[in-house]
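Enquirer: sequence and predicted structure are below.
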Amino acid sequence: MIQRIYQINKALPELTELEQLIEQGRHHLRVSVPAHIQQGSFRLPFYVLEMGATTPLAPTLALIGGVHGIERIGSQVILSFLRTLLRRLDWDPTAMEMLAQIRLVVIPIVNPGGMWNNSRANPNGVDLMRNAPVDAIGSTPFLVGGQRISRHLPWYRGRKGEPMETESQALIDSIRASLKYQKHCITLDCHSGFGYKDRIWFPYAKSTEPWP
């Protein structure tokens, strides 16, 4: 048991920190684990946290990180925000009042196996951001837009016609369940800069058309 804890702490300190925050904020957090991701002999939890209002139509902010395992800063930024918020709730009535009127949905580590392996892809070699049943409208840059040639090349989408990866499906199911009736929400998916420059990516990956 001690050896397993040491291995997790060493390979995935973000998961250790997340579980510590869950324990510290147990009076404020609603926690679910809709999936586990197999990484060697470990089954890593896919955590979904909710805070604040419980009414379905409450304005919602969803924070997502760790889709690409090598881009750890996304998860770290979300964990830092969560840590700060939980501390404020211990003493700041303004924070309590604000949280009573909105809902937070937090998925800090979408790809725990990829983070464990320090890999962009998940343990199956699939780039979760390219793992979708829809194809782009129009042309995309070679490979970067997603490819089905080989898992040994970057931006692999997975085999055509196969179900989405466990992580992708858990993310979609969790967001659908949380935001099913939502009219007012912001969803922020935190990554690192793409090579050389930070940017805000257009949210509809399959098209350059504005959303409705």
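Expert: The structure has been received and is ready for your questions. Numbers count the residues shown, from 1 in each chain.

Enquirer: what is the end-to-end distance of stretch 151-170?
Expert: One end of stretch 151-170 to the other measures 21 Å (CA to CA, to the nearest Å).

Enquirer: do you have the strands of the chain handy? List them.
Expert: 30-39, 42-52, 60-65, 103-107, 185-190 (DSSP state E).

Enquirer: so what does the first one touch, helix or strand wise?
Expert: Okay, so that is strand 30-39. strand 42-52, helix 112-116, helix 166-179 (3 or more CB pairs under 8 Å, 6 or more residues apart in numbering; DSSP states H and E). Any C-beta I mention is one placed from the backbone N, CA and C, and that applies to glycine too.

Enquirer: picking up where we left off before, most tightly packed of the strands of the chain?
Expert: Across the strands of the chain, the average number of neighbours (mean count of other CB atoms under 10 Å) peaks for strand 103-107, which reaches a mean of 23.

Enquirer: relative to strand 185-190, how tilted is it?
Expert: 30 degrees (axes from the mean of the first three to the mean of the last three CA atoms, to 10 degrees).

Enquirer: okay, the angle between strand 103-107 and strand 60-65?
Expert: Using the same axes, to 10 degrees: strand 103-107 against strand 60-65 is 10 degrees.

Enquirer: in this structure, where is pLDDT below threshold?
Expert: Low-confidence segments of the chain, defined by pLDDT under 70: 1-4, 194-205, 211-212.
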